[in-house]
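Student: Predicted model and sequence follow; I will ask about them next.
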Amino acid sequence: MGRKKGVVYMVAGTALVCAIWYFVAKAINRSLILPDFLTTMKVFFTGWFDGKVMSNLYITLTRVFTGCVFAIMIGLPLGLLMGYSRTTLVALSPYVNSIRQVPIMAWVPLSIIWFGLGDGPTVFMITMSAVFPILINTISGVMNIDPNYKNAARCMGAKTWQVMRDVVLPGALPNFLTGCRLALGSAWMSVICAEFIATSTGFGYIMVEAQVRMQTPLLYALMIMSALVGFAIDQSIVLLERCLTGWRYKDGAAGN
């Protein structure tokens, strides 16, 4: 019942926002500031069948998933190690906590110097924005594992790598997936920002192009598309989380 009511409220809220947009746009009558709702929706729906928009969206998604793969390759093993070993945690925490405080856009000039224009700086910034949610959530997941499980595995003759494989990795999986969910959200937002500056292709680039050409309906439509794609990515991780850790969702053990 609660879920059905939530869906009803969501639909009603969306309809209300659309109605407000329609009437405010008519009252302002300045398409450069707030374009007509129906015009924007027409551009929005046709955009999904526009070859230029879809090809740039594909480029952006490729960059996002490439950067996230690199982030997982760095964040997961390092998080398992730091969560398992107190010595490693104390030794590396100052570096991790210092680097993650640097704003993602501050890496733009340096990444362009290192990698030039194109995919290089974009993938680098995606990796930098995604690695820390994965790393920190993995550390938290490992540290929250009941020590009795590790001790029991050792008493049964398990070696360190077996404890990591059979106890630590499965125990940290829920937190790791939560980190992936946060990482993909950060990656999607950072790639759009990076494409404003460091590339001549991608979804962010065509948003800047629409802004420069003062195609405000297209800009609004692309923003809505960006929001929906980000939402779809987030929900795909939720679905994966439910498949791999379904026990967390029984009897309301975990929410969305």
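Tutor: Good, I have the coordinates. Residues are numbered from 1 along each chain as shown.
Student: How about residues contacting stretch 162-171?
Tutor: 80, 83-84, 141-142, 144-145, 149-150, 153-154, 158 (C-beta atoms under 8 Å, 6 or more residues apart in numbering). For every residue, glycine as well, the C-beta is placed using N, CA and C.
Student: do that again at 10 Å, thanks
Tutor: 76-77, 80-81, 83-84, 138, 141-142, 144-146, 149-154, 156, 158-160, 172, 176, 244-245 (C-beta atoms under 10 Å, 6 or more residues apart in numbering).
Student: Mind checking which of these are in helices?
Tutor: Among the contacts of stretch 162-171, the members found in helices (DSSP state H) are 76-77, 80-81, 83-84, 138, 141-142, 149-154, 160, 172, 176, 244.
Student: Report the buried members of these.
Tutor: Buried members of those, counted by 16 or more other C-beta atoms under 10 Å: 76, 80-81, 83-84, 138, 141-142, 150, 153, 172, 176.
Student: can you list those residues in JSON lines and add pLDDT?
Tutor: Listed next are those as JSON lines, based on pLDDT from 0 to 100:
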{"residue": "76", "pLDDT": "91"}
{"residue": "80", "pLDDT": "89"}
{"residue": "81", "pLDDT": "89"}
{"residue": "83", "pLDDT": "88"}
{"residue": "84", "pLDDT": "84"}
{"residue": "138", "pLDDT": "92"}
{"residue": "141", "pLDDT": "88"}
{"residue": "142", "pLDDT": "88"}
{"residue": "150", "pLDDT": "77"}
{"residue": "153", "pLDDT": "80"}
{"residue": "172", "pLDDT": "84"}
{"residue": "176", "pLDDT": "90"}
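Student: Most widely separated two among these?
Tutor: Within those, 76 and 153 form the most distant pair, 20.1 Å apart (C-beta to C-beta).
Student: so the closest residue to residue 126 other than its chain neighbours, which of the three states?
Tutor: Leaving aside its chain neighbours, residue 126 sits nearest to residue 67 (2.7 Å; criterion: C-beta to C-beta, 6 or more residues apart in numbering). Classification of residue 67 by DSSP: H, G, I helix; E, B strand; the rest coil places it in helix.
Student: is it true that residue 67 touches residue 111?
Tutor: No. When contacts are counted by C-beta atoms under 10 Å, residue 67 is not listed as touching residue 111 (11.6 Å).
Student: Could you pull out the residues contacting both of those two?
Tutor: With C-beta under 10 Å, 6+ apart as the test, residue 67 and residue 111 both reach 122-125, 128, 194.
Student: so which helix or strand takes in residue 124?
Tutor: According to DSSP states H and E, residue 124 maps onto helix 119-143.
Student: Flag the helix or strand of this protein with the lowest per-element mean pLDDT.
Tutor: helix 160-163 (a mean of 78; mean pLDDT, DSSP states H and E).
Student: Mind exporting the C-alpha coordinates of that helix to CSV?
Tutor: Extracted in CSV, the C-alpha atoms of helix 160-163 (Å, rounded to 0.1, in the frame of the first residue of the first chain):
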residue,chain,number,x,y,z
THR,A,160,44.8,-15.1,5.1
TRP,A,161,43.9,-15.1,1.4
GLN,A,162,41.1,-17.7,2.1
VAL,A,163,39.7,-15.5,4.9
